[in-house]
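[1] Sequence plus predicted model, see below.
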2 protein chains.
Amino acid sequence: MSTTFENATTQSVDVNGTKFVFREVGRKGGTPVVLLHHLTAVLEDWDPRIVDGLAGKHHVIAFDNRGVGGSGGSTPKTVEEMARDAATFIAALGFSKVDLLGFSLGGFVAQLIAQQQPGLVRKIVLAGTGPAGGEGIANVGAVLQDAFGKAGATNKHPKQFLFFTQTKNGQAAAEDFLRRLKERTKDLDTPVSNETIQAQIAAIGAWGQGDATALGTVQHPVLVVNGDDDVMVPSFNSFELARRLPNAQLSIFPDAGHGGIFQYHAAFVQQTLAFLEQ
Amino acid sequence: MSTTFENATTQSVDVNGTKFVFREVGRKGGTPVVLLHHLTAVLEDWDPRIVDGLAGKHHVIAFDNRGVGGSGGSTPKTVEEMARDAATFIAALGFSKVDLLGFSLGGFVAQLIAQQQPGLVRKIVLAGTGPAGGEGIANVGAVLQDAFGKAGATNKHPKQFLFFTQTKNGQAAAEDFLRRLKERTKDLDTPVSNETIQAQIAAIGAWGQGDATALGTVQHPVLVVNGDDDVMVPSFNSFELARRLPNAQLSIFPDAGHGGIFQYHAAFVQQTLAFLEQ
């Protein structure tokens, strides 16, 4: 049986005395793709179509950063520390060069890994994310609260409001996505704790007040991707990333929100594979 | 034999005493899609994959506006007059409501038809284009001159510089596109005249100095599409269009230029069909 994200074993590695959990799919060798995840996310929140799609050509690793889900320790309150933790995890797995796919908060983390340890990174995909100080990013707490309120009142999942447009197409894509996240039924990850969510929101708030000038020094090839109507990290931030990064490409999907890469998972996988192979 | 753009007969219609040439594909009925073309373009410059792809679901009409290619009369020096001419042509064919697909200069024309005669238009696709006064649009003469110089020096087609990125993927897409434009070998259109090119450049220059405030009144659903690296109508203009238009979606293709819809013709057709059917 070939391993897919649905049946990949949850493994762990000791990172300077703290247990980090991860799963890997795809044939080992070449430059691995390390996935960096969003606010509240654990391993169960990755779209299996994206993980398996990339694993058709690459060794792909999803993990929980410090304090998140099944990993030990406490979640730090800054993106800078999250980036250091992620780089230490990557080193603990024995990798000296990786590609990064960062989604939302994970995209902030990816930007800082590239700046803190440029030699560790080959290429970067930044999805549903934005530069430090980017328009609207500091409002994430209010946006989240609003979505949780609407979700409670309508018996829907918050991601139906946060990740997808409210159009017919957007909501159909939301239902498909939420169904895909439930394909795996065994060996499930631990949900994120309230302490972690609070630390992550603090980190995002500080990022939203930050300065993006240093992006001009990032020489890595970068693919920036988002939906055209992102209410969490407004889509304009993707244009800003592509303008500031010296070596960036931009992909925007129509009638799609923060979770545009999940709605257009087939196109996203195709674009990402092309980008990684250029 | 079902009609494709390759074998569609070139027809003509009398528009207030002037002959306009056109070709049509797809089953008649429903809201027709009228294609509005770019600087220097005649009927032979439409990508047959796009015309035939849209014609799978819609009645599609490509035409030469006044003074262009096989059509009679003189090309006007303003986008306003081009829009009036196009609307008069549409009325001459007997249509009271159409969808518009405007590429580059054709996108400027589409924006003004929607403002001059809002009731004539149902939905609009704006590709490789921008708002009046948009960043870099007034430079088109210099960009064109530069590309013609490079093309002459390297024995390449100017569109290899103007429509596509200079990457391996971009140039491969350019060659595929130029090959598709030669699929039709009979009943070819007349090339555009120097007088027409000069009038079109004057119109584009004036558009580049214009004001886009009125876009906020355009209530039609609009799909805005471009490559991420357009040197003719810089891609930022697509973001501006999507921001200013009250009912717009945005699609940006990575590692693609002004001709992004030709490079990603399959994805573009899929997105446009979805948009027209929403």
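    Perfect, I can see it now.
[2] in which helix or strand would I find A:V34?
    strand A:33-36 (DSSP states H and E).
[3] again with A:G149
    Using DSSP H and E, A:G149 falls within helix A:140-154.
[4] Can you find the helix or strand in chain A with the smallest mean pLDDT?
    One helix or strand of chain A scores below all others by mean pLDDT, DSSP states H and E: helix A:140-154, with a mean of 93.
[5] Let me see the residues that make contact with that helix.
    Contacts with helix A:140-154, where a contact means Cβ atoms under 8 Å, 6 or more residues apart in numbering or on different chains, come from A:39, A:156-158, A:160-162, A:201, A:204-205, A:208, A:231-233. Yep, even glycine has a C-beta here, placed from its N, CA and C like the rest.
[6] In it, which residues are buried?
    A:140, A:143-144, A:147, A:151 (16 or more other Cβ atoms under 10 Å in any protein chain shown).
[7] which strands and helices sit next to the strand holding A:V34?
    strand A:60-63, helix A:79-92, strand A:98-103, helix A:105-116 (3 or more Cβ pairs under 8 Å, 6 or more residues apart in numbering or on different chains; DSSP states H and E).
[8] The first one pairs with which strands, and in what direction?
    Put plainly, it is strand A:60-63. strand A:18-25 (antiparallel), strand A:33-36 (parallel) (DSSP bridges).
[9] ok so, going back, pull the residues that contact the next helix or strand after the least confident helix or strand of chain A.
    Later in the chain than helix A:140-154, the nearest helix or strand by DSSP H and E is helix A:158-162. For helix A:158-162, the surrounding residues in contact (Cβ under 8 Å, 6+ apart) are A:143-144, A:146-148, A:150-151, A:171, A:174-175, A:177-178, A:231-232, A:257-259.
[10] Quick check: residues of chain A near chain B?
    A:167-169, A:223, A:225, A:228-229, A:235-236, A:239, A:242-243, A:249-255, A:267, A:271, A:274-275, A:278 (Cβ under 8 Å from any Cβ of the partner chain).
[11] Give me the nearest residue to the residue nearest the centre of chain A, chain neighbours excluded.
    With distances taken as Cα atoms, centre = their mean, the residue of chain A nearest its centroid is A:F103 (2.4 Å). Leaving aside its sequence neighbours, A:F103 sits nearest to A:A127 (Cβ to Cβ, 6 or more residues apart in numbering or on different chains; 4.7 Å).
[12] dump the residue contacts of that neighbour.
    Neighbouring residues of A:A127 by Cβ under 8 Å, 6+ apart: A:101-104, A:107, A:224-226, A:260-261, A:268.
[13] ditto for A:A110
    A:36, A:83, A:100-102, A:124, A:126, A:129.
[14] What helix or strand is the one residue in the stretch 1-150 of chain A that gets nearest to chain B located in?
    The minimum distance from the stretch 1-150 of chain A to chain B, using Cβ to the nearest Cβ, falls at A:V125 (10.5 Å). A:V125 belongs to strand A:121-127 when assigned by DSSP H and E.
[15] Go ahead and measure how far that strand is from the middle of the chain.
    11 Å (Cα atoms, centre = their mean, to the nearest Å).
[16] Just the CA atoms from that strand would do, formatted as PDB, please.
    This file holds the C-alpha atoms of strand A:121-127, laid out as PDB (Å, rounded to 0.1, in the frame of the first residue of the first chain):
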ATOM      1  CA  VAL A 121      15.700  27.300   2.100                       C
ATOM      2  CA  ARG A 122      15.600  26.600  -1.600                       C
ATOM      3  CA  LYS A 123      12.100  27.800  -2.700                       C
ATOM      4  CA  ILE A 124       9.100  29.200  -0.900                       C
ATOM      5  CA  VAL A 125       5.300  29.000  -1.500                       C
ATOM      6  CA  LEU A 126       3.400  31.700   0.400                       C
ATOM      7  CA  ALA A 127      -0.400  31.100   0.500                       C
END
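[17] what are the pairing partners of it, and which direction each?
    strand A:98-103 (parallel), strand A:222-227 (parallel).
[18] Give me whichever of these is most buried.
    Counting by mean count of other Cβ atoms under 10 Å in any protein chain shown, strand A:222-227 has the highest mean neighbour count of the strands paired with strand A:121-127, with a mean of 29.
[19] Tell me the helix or strand right after it.
    helix A:236-244.
[20] hmm, back to that, wait, what's in contact with the residue of the stretch 1-150 of chain A closest to chain B?
    So A:V125 contacts A:99-102, A:222-223, A:225, A:272, A:275 (Cβ under 8 Å, 6+ apart).
[21] repeat for A:K19
    A:12-13, A:70-72.
[22] Buried ones among those residues?
    A:70-72.
[23] Now render those residues as a markdown table, adding pLDDT and secondary structure.
    What follows is these, written out as a markdown table (pLDDT from 0 to 100; DSSP: H, G, I helix; E, B strand; the rest coil):
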| residue | pLDDT | secondary structure |
| --- | --- | --- |
| A:G70 | 98 | coil |
| A:S71 | 98 | coil |
| A:G72 | 98 | coil |
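[24] could the residues you listed be laid out in a markdown table, adding distance to A:E24?
    Shown next, in a markdown table, are those (distance: Cβ to Cβ, whole Å):
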| residue | distance to A:E24 |
| --- | --- |
| A:G70 | 15 |
| A:S71 | 15 |
| A:G72 | 19 |
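[25] and stretch A:122-135, how far out from the chain's middle?
    10 Å.
[26] Poorly predicted segments of chain A, please.
    Chain A contains residues with pLDDT under 70 at A:1.
[27] Look up which residues are beta-bridged to the residue lying closest to A:W46 once chain neighbours are set aside.
    Leaving out its chain neighbours, the residue that sits closest to A:W46 by Cβ to Cβ, 6+ apart is A:A62, at 5.3 Å. Counting by DSSP bridges, A:A62 forms beta bridges with A:R23, A:L35.
[28] My guess is A:A62 contacts A:L35. True?
    Yes: the pair A:A62 / A:L35 is scored as a contact, 4.5 Å apart, by Cβ atoms under 8 Å.
[29] Could you tell me which residues touch both of those two?
    Contacts common to A:A62 and A:L35, judged by Cβ under 8 Å, 6+ apart, are A:46, A:51.
[30] These two: who's more crowded?
    A:A62 (27 against 24; other Cβ atoms under 10 Å in any protein chain shown).
[31] what residues are up against the more buried one?
    A:5, A:22-24, A:35, A:37, A:43, A:46, A:51.
[32] swap in A:V68?
    A:37, A:41-42, A:75, A:192, A:196.
[33] Out of the residues you listed, which is nearest to B:T185?
    B:T185 lies nearest to A:H37 out of the contacts of A:V68, by Cβ to Cβ, at 54.0 Å.
[34] Contacts for stretch A:182-194, please.
    Here stretch A:182-194 makes contact (Cβ under 8 Å, 6+ apart) with A:5-7, A:9-10, A:21, A:40-44, A:48, A:64, A:67-70.
[35] likewise stretch A:86-101?
    With contacts defined as Cβ under 8 Å, 6+ apart, stretch A:86-101 is touched by A:13-16, A:20, A:22, A:31-36, A:54, A:58, A:61, A:63, A:65, A:109-110, A:113-114, A:116-117, A:119-125, A:127, A:272, A:276.
[36] If any of the residues you listed are buried, give me the ChimeraX selection for them.
    To isolate the buried members of those in ChimeraX, using 16+ other Cβ under 10 Å:
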select /A:15,20,22,31,32,33,34,35,36,54,58,61,63,65,109,110,113,114,117,120,121,122,123,124,125,127,272,276
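[37] so how far is A:G133 from the nearest residue in space to A:G134 that is not next to it in sequence?
    Excluding the flanking residues, the one nearest A:G134 by Cβ to Cβ, 6+ apart is A:N237, at 4.0 Å. Using Cβ to Cβ, to the nearest Å, A:N237 is found at 10 Å from A:G133.
[38] Can you pick out the residue with more neighbours from the two?
    Between A:N237 and A:G133, counting by other Cβ under 10 Å, A:N237 is the more crowded of the two (24 against 16).
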